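Chemist: after the sequence you'll find the predicted model.
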Amino acid sequence: MVGELTPLQQQRRDSILDAAVAAFSKVRYHHVEVEAIAKEAGVGKGTIYRYFKNKHDLYTSTIEHQFKIMFEFIDTSTAETDSPMQFIKSLIDAFIMFFEKNPNAFDIVILASGTIVDEVILSIRNIRNEYYKKFLKIIQQGIDEKLFKNMNKHIILRAIDASVIYVMYDQMKTSSFTIDEIKENLYNLFLNGLLLKSE
């Protein structure tokens, strides 16, 4: 479908994407049937092709949509933080809360990491970088205020992102840890480090 969508069309497109998340999070791409997504979304199969060129377009749009929703949620959840230290905690909390509330989206993020093509990687990077601009400023503020060590802020942010995602993946698959235990250990890791302070 070309051109700007009406509110009703946008709602229909979003409902298709929601149904696609549920489908693509359960099985690999090649096992998903567009008919099943249409049925889940309450539309005809032809309607899907009015919004997406083909199954591949639907899949890549679903991944992009989920990353955008995730970063919007994290941005909103960290908006009220008034200090760099609190921001790190809020960022960890927001990632964990998003994946707790959206387990299907979590599976899409994990499954996508091994299957997506270059144009989607670029799109996801652009979505992520748009939100990371603000996050990086707050980490830089912590460095400038001598709260954080003078380290590469990009690596710090990616390390937090990756740590939460993979610890939560393990948690959702094995229930090895409590959510509170995950939060406390990640707070300690990123705010205090691993080394004991010397006397």
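Modeler: Structure received.
Chemist: list the buried residues of the strand or helix carrying residue 49.
Modeler: Under DSSP states H and E, the secondary-structure element containing residue 49 is helix 45-51. Judged by neighbour count (16 or more other CB atoms under 10 Å), helix 45-51 contains these buried residues: 47, 48, 49, 51. C-beta here means a position set from N, CA and C on the backbone, and glycine is covered the same way.
Chemist: now the helix or strand hosting residue 70 - C-alpha only, PDB.
Modeler: Assigned by DSSP H and E, residue 70 belongs to helix 55-77. Extracted in PDB, the C-alpha atoms of helix 55-77 (Å, rounded to 0.1, in the frame of the first residue of the first chain):
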ATOM      1  CA  LYS A  55       6.000 -12.600   3.400                       C
ATOM      2  CA  HIS A  56       9.600 -11.400   3.600                       C
ATOM      3  CA  ASP A  57       8.400  -7.800   3.700                       C
ATOM      4  CA  LEU A  58       5.900  -8.700   6.500                       C
ATOM      5  CA  TYR A  59       8.700 -10.400   8.400                       C
ATOM      6  CA  THR A  60      11.200  -7.600   8.200                       C
ATOM      7  CA  SER A  61       8.400  -5.000   9.000                       C
ATOM      8  CA  THR A  62       7.500  -7.100  12.000                       C
ATOM      9  CA  ILE A  63      11.100  -7.000  13.300                       C
ATOM     10  CA  GLU A  64      11.400  -3.300  12.700                       C
ATOM     11  CA  HIS A  65       8.100  -2.600  14.300                       C
ATOM     12  CA  GLN A  66       9.000  -4.600  17.500                       C
ATOM     13  CA  PHE A  67      12.400  -2.800  17.800                       C
ATOM     14  CA  LYS A  68      10.600   0.600  17.500                       C
ATOM     15  CA  ILE A  69       8.000  -0.400  20.100                       C
ATOM     16  CA  MET A  70      10.800  -1.600  22.400                       C
ATOM     17  CA  PHE A  71      12.800   1.600  22.200                       C
ATOM     18  CA  GLU A  72       9.700   3.800  22.500                       C
ATOM     19  CA  PHE A  73       8.800   1.900  25.700                       C
ATOM     20  CA  ILE A  74      12.400   2.300  27.100                       C
ATOM     21  CA  ASP A  75      12.500   6.000  26.100                       C
ATOM     22  CA  THR A  76       9.200   6.700  27.900                       C
ATOM     23  CA  SER A  77      10.200   4.600  30.900                       C
END
